[in-house]
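Participant: Got a sequence here, can you build the structure:
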Amino acid sequence: MPYKYREKECLFCNEVYTTNNPNQKFCSHRCAGYGNNAMRGNGKPMSQEQKEKMSIAMKEKWKESPSLFSSGDSHSKAVGKSTKGKHKGASIKNIYEVSSRTRLKIIKRLKLSCSQCGWDECICDIHHINGRKMKNFNNHNNLTYVCPNCHRKIHNGLIKNEELMTFQEQIGDDWIDHYYG
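Facilitator: Okay, the predicted model is just below:
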């Protein structure tokens, strides 16, 4: 027999919500994430006072010895080690096989500049040299890394495909060393 819908109060934000699951404690995944991370041994979420105390304590600890806290590339490498490299290796053949967020992180770590003009003020674009209507279109020999200005020039025919440096020529397989997952 299916459960009946009932109104419950979220343990994290105290909003009233409707559910048919008698075991549901939170109104959303967001509240569940925050709430479960904040839970104490007594099964209740941390109060605002407890959260502030925790924040102050962490800030003080960081001020005393910031070397205990990793950040930047060292933090990324530490997180990568914790995943035991489950995503790294021979199974990944090109940079498009990772998420767009991870792709941006890899490009930032590589400190790439536009393959045409050398612009490196911000993240550039990955352009498909021969388009996407071919077999294996994400192959690094069909990709190039160009700034938005050069990208526009390519699409307007001011830069020819023969003049473009491929992603393979620019970085080869070095990108995989900057993927810490």
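Participant: can you list the weak-confidence ranges in this structure?
Facilitator: Within the chain, the stretches with pLDDT under 70 are 1-3, 35-46, 73, 75-91, 180-181.
Participant: how does it divide up, domain by domain?
Facilitator: As recorded under automatic domain parsing, the domains making up the chain are 6-68, 95-178.
Participant: Can you classify the residue most central in space within the chain as helix, strand or coil?
Facilitator: Nearest to the centroid of the C-alpha atoms of the chain, with distances taken as C-alpha atoms, centre = their mean, sits Arg101, at 3.8 Å. Reducing the assignment to helix, strand or coil with DSSP: H, G, I helix; E, B strand; the rest coil, the entry for Arg101 is helix.
Participant: That one: what's it in contact with?
Facilitator: With C-beta atoms under 8 Å, 6 or more residues apart in numbering as the criterion, no residue contacts Arg101. C-beta: built from backbone N, CA, C; applies to glycine.
Participant: Look up how far Lys108 lies from it.
Facilitator: The span separating Arg101 from Lys108 equals 11 Å under the rule C-beta to C-beta, to the nearest Å.
Participant: likewise Lys61?
Facilitator: Per C-beta to C-beta, Lys61 is found 28 Å from Lys108.
Participant: Helices along the protein, start to end?
Facilitator: Read by DSSP state H, the chain holds these helices, from start to end of the chain: 29-38, 48-64, 72-82, 100-110, 148-155, 167-171.
Participant: which of those helices sits most buried?
Facilitator: Ranked by mean neighbour count under mean count of other C-beta atoms under 10 Å, those are led by helix 167-171, which reaches a mean of 18.
Participant: Against which helices or strands is that one packed?
Facilitator: With contacts taken as 3 or more C-beta pairs under 8 Å, 6 or more residues apart in numbering; DSSP states H and E, helix 167-171 sits against strand 143-146.
Participant: chain center to the strand it packs on, what's the gap?
Facilitator: If you compare the mean C-alpha spot of strand 143-146 with that of the full chain, they lie 21 Å apart, counting by C-alpha atoms, centre = their mean, to the nearest Å.
Participant: That one pairs with which strands?
Facilitator: strand 125-128 (antiparallel) (DSSP bridges).
Participant: Report the distance from the partner strand to the chain centre.
Facilitator: Averaged C-alpha coordinates place strand 125-128 at 19 Å from its chain's average position (C-alpha atoms, centre = their mean).
Participant: Equivalent analysis for stretch 60-69, please.
Facilitator: Going by C-alpha atoms, centre = their mean, where stretch 60-69 is centred and where its chain is centred differ by 25 Å.
Participant: same question, stretch 146-153
Facilitator: Shown here is stretch 146-153, whose average C-alpha point lies 24 Å from the average C-alpha point of the whole chain (C-alpha atoms, centre = their mean).
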